[in-house]
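Novice: Structure of the sequence below:
(one chain, ligands or ions: 2)
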Amino acid sequence: MKYSELLVKTRRDKSKDIESINADLLTRASFVDQVMAGVYTYLPLGLRVLTKIENIIRDEMNKAGGQELLMPALHPAENWKKTGRWETEDNLFRFTSYYSKNELALGPTHEEIVMPLMKKFINSYRDLPKYVYQIQDKFRDEKRAKGGLLRGREFIMKDLYSFHADEADLDRYYEVMKQSYVNIYNRAGIGDKTYITFASGGSFSKFSHEYQTESLSGEDTIFLCEKCRVAINKEVLEFQKNCPECGNEKLREVKAIEVGNIFKNMTKYTEPFEVKYTDEGGKERLVLTGCYGIGLGRLMGAIVEVSHDERGIVWPLSVAPFAVTLTHLGSGKSYEVAEKVYEELTASGIEVIWDDRDESVGAKLADCDLMGNPLRVLISEKTLAEDSAELKLRTEDKTEMVKLAGLTKSVEKVLANVK
Ligand code: ATP
Ligand code: MG
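Specialist: Ligands and ions are numbered 1, 2, ... in the order given. Below you'll find the predicted structure:
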């Protein structure tokens with residue numbers, strides 16, 4: 001991709017009304033555009049990141065046996081009345097159809113749709129277990145839609161629902177999902193700052209588990225056992241005062257962002273929708289369920305919160321919009337060589353953005369750092385005097401000269417060692 005063709009308009013000055021680091025950096029670097037509080041457009045750069053996050057999550061869900069489907073965002077009120085949540089959910093967007101006068105809701109979560117759906121497919125113990133998931137828009141009338149991508153009123157969530165014959169099988173799959181979530185955060189580059197956290201489980205199980213990423217911009221307070229890499233959410237501190245794994249009482253209090261939440265819902269939703277199966281003895285029983293959510297935008301925002309410096313975003317390679325920013329300084333020969341390098345790198349399958357603009361050195365290097373791709377390849381009169389290009393990682397200050405002949409190989413080698 002050439003910079004001159006990209007939908008991008010970087011602003012180097014901090015926005016005046018910045019509500020958070022991620023909103024500031026992602027807006028200034030043209031990854032997102034705010035439409036209103038809690039509602040964003042993903043621009044081409046932002047969509048590249050979002051799609052990479054989506055593919056990591058999809059891959060892990062498929063590996064865990066999940067079957068992808070897509071449920072609607074528009075819900076009939078009856079389903080929500082059946083679970084009692086039509087009356088009690090503060091965050092539910094409700095409205096009435098102008099023509100039919102039917103009451104409708106915009107889905108903030110999908111138990112109310114997935115239960116009656118799965119009821120049609122589950123009859124006997126032979127139909128269990130089942131795991132379905134979607135990656136889809138959710139709507140929540142959040143009271144405080146602040147924090148950029150961290151708390152939207154419209155946001156994309158992956159939600160998986162699992163259906164089981166008994167508690168042992170639900171417990172088994174819950175552990176499978178725990179591992180999938182760890183894999184997702186590791187692959188997205190925030191694994192070392194993300195902790196499984198004991199949180200309130202509601203009336204059906206003692207705890208649920210959250211995945212909390214340590215960050216000063218987090219809304220949550222957690223108490224961390226460094227040894228076990230396990231945390232307790234402040235909200236359950238009265239029931240659980242020490243590390244659930246090792247009993248350690250010296251926990252570190254930190255701010256954190258909830259980047260995922262997994263729940264055992266047991267029969268909470270299968271009961272109102274009468275999702276039942278016949279067991280081997282011919283007896284009818286309620287199906288047990290688990291639900292496992294992760295916000296894609298919030299994950300993207302969390303990555304920016306924990307991975308940036310004063311110059312801009314520092315993307316992990318796995319989710320960076322491009323692996324390489326190619327920049328040439330000056331015109332004439334530098335431009336011509338850069339064009340050839342761009343074609344070579346692209347042809348060998350490396351994701352590269354070429355800053356082909358005729359801009360000042362300062363502006364080009366600043367925009368490169370702001371966008372935050374892992375590797376910068378620079379071509380200038382100085383590097384050409386040595387038949388070379390200069391390589392620099394976004395995470396480091398040192399540079400390295402490599403010969404133009406064999407540049408693609410050198411770039412591949414550097415990228416293979418980048419996290
Ligand atoms: P929170 O406590 O932060 O309001 P929640 O517990 O209501 O979130 P869940 O219903 O468990 O969230 O949703 C699953 C996941 O979806 C969360 O872990 C988070 O990653 C994401 N998520 C929830 N609400 C939002 C939101 N308003 N904007 C962006 N992502 C969200
Ligand atoms: Mg939660």
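Novice: Pull out the buried positions in the longest strand that the chain contains.
Specialist: Ranked by residue count and defined by DSSP state E, the top strand of the chain is strand 252-266. For strand 252-266, a neighbour-count test (16 or more other CB atoms under 10 Å) marks 254, 256-266 as buried. Any C-beta I mention is one placed from the backbone N, CA and C, and that applies to glycine too.
Novice: and it with ligand 1, contact?
Specialist: Yes: Strand 252-266 is in contact with ligand 1 by CB under 6 Å from any ligand atom, via 258-261.
Novice: from the residues you listed, which is closest to ligand 1?
Specialist: Closest approach to ligand 1 among the residues of strand 252-266 next to ligand 1 (CB to the nearest ligand atom): residue 261, at 3.3 Å.
Novice: Was I right to think the closest one contacts residue 207?
Specialist: No: using CB atoms under 8 Å, residue 261 is not in contact with residue 207, being 11.4 Å away.
Novice: Which parts of the stretch 1-150 of the chain are helices?
Specialist: Counting by DSSP state H, counting those that start in this stretch, the stretch 1-150 of the chain has helices at residues 21-28, 44-63, 77-83, 85-88, 111-119.
Novice: For the last one, which outside residues touch it?
Specialist: Pointing back at helix 111-119 there. 71-72, 75, 79-80, 82-83, 85, 107, 130, 132, 161, 163, 265, 269-270, 272-275, 287, 289, 291 (CB atoms under 8 Å, 6 or more residues apart in numbering).
Novice: swap in the second one?
Specialist: Contact partners of helix 44-63, identified using CB under 8 Å, 6+ apart, comprise 6-8, 26, 29-32, 42, 68, 133, 135, 156, 158, 160, 180-181, 183-184, 187-188, 294, 296-297, 299-300, 315, 318-322, 371.
Novice: Contacts (any at all) between ligand 1 and that helix?
Specialist: No: no part of helix 44-63 sits close enough to ligand 1 to count as contact by CB under 6 Å from any ligand atom; the gap is at least 11.1 Å.
Novice: before we move on, what about the fourth one?
Specialist: No: using CB under 6 Å from any ligand atom, no contact is recorded between helix 85-88 and ligand 1, whose separation bottoms out at 12.1 Å.
Novice: pLDDT on that helix, on average?
Specialist: Per-residue pLDDT over helix 85-88 has a mean of 96.
Novice: Could you pull out the buried residues of that helix?
Specialist: 85-86.
Novice: Return the alpha-carbon coordinates of that helix using PDB.
Specialist: Extracted as PDB, the C-alpha positions of helix 85-88 are listed here (Å, rounded to 0.1, in the frame of the first residue of the first chain):
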ATOM      1  CA  ARG A  85     -34.300  -8.700  31.300                       C
ATOM      2  CA  TRP A  86     -36.600  -6.500  29.300                       C
ATOM      3  CA  GLU A  87     -37.600  -4.800  32.600                       C
ATOM      4  CA  THR A  88     -34.200  -5.000  34.500                       C
END
